[in-house]
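Enquirer: structure of the sequence below:
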Amino acid sequence: QVQVVESGGGLVQAGGSLRLSCAASGRTVSTYAMGWFRQAPGKEREFVAAISWSGISTSYADSVKGRFTISRVNGQNTVFLQMNSLKPEDTAVYHCAAGRDYSVIEREYDYWGQGTQVTVSS
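Expert: Coordinates of the predicted model:
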């Protein structure tokens with residue numbers, strides 16, 4: 001079993017930065033790909049970023065490319081999402097997820113955290 005817990009959300013002004021953290025626990029979690037997804041009010045959950053188990057491969061949604069950076073520290077089973085130049089449209093609940101295969105597709109991820117709220121004011 002893998003458990004995933006996010007932290008680091010909050011309220012920030014447009015143009016500001018936040019760093020989200022995701023702590024994963026479980027015997028084989030270091031071999032899992034990790035992803036970030038977000039869900040804004042009234043919208044479906046969408047892909048934000050993903051990173052392979054080795055950290056070598058990363059993917060980003062077009063809407064965050066160049067502003068967000070995903071990284072991981074395998075020895076600590078921790079994944080980060082550095083978010084810069086935040087916009088009001090980035091406001092959402094951000095979820096971290098773990099899966100056996102590196103993917104941008106939500107259903108490929110098996111384990112999900114409860115999410116952390118990010119609010120960007122204009």
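Enquirer: can we go C-alpha only for contacts and neighbour counts from here?
Expert: Will do.
Enquirer: quick test: name the residue nearest the centre of the protein.
Expert: In the chain, the centroid-proximal residue (CA atoms, centre = their mean) is residue 36; its distance is 2.5 Å.
Enquirer: wait, that residue sits on residue 94?
Expert: Yes - shown here, residue 36 and residue 94 form a contact pair, counting by CA atoms under 8 Å, at 6.8 Å.
Enquirer: list the buried residues in stretch 24-31.
Expert: Across stretch 24-31, burial judged by 16 or more other CA atoms under 10 Å covers 24-25, 29-31.
Enquirer: ok, what's across the strand from residue 97?
Expert: residue 35, residue 112 (DSSP bridges).
Enquirer: residue 21 versus residue 116, what's the distance?
Expert: 10 Å (CA to CA, to the nearest Å).
Enquirer: do the same with residue 62
Expert: Applying CA to CA, the value for residue 62 to residue 21 is 21 Å.
Enquirer: the two: which has the busier surroundings?
Expert: The neighbour comparison of residue 62 against residue 21 (other CA atoms under 10 Å) goes to residue 21, with 21 against 11.
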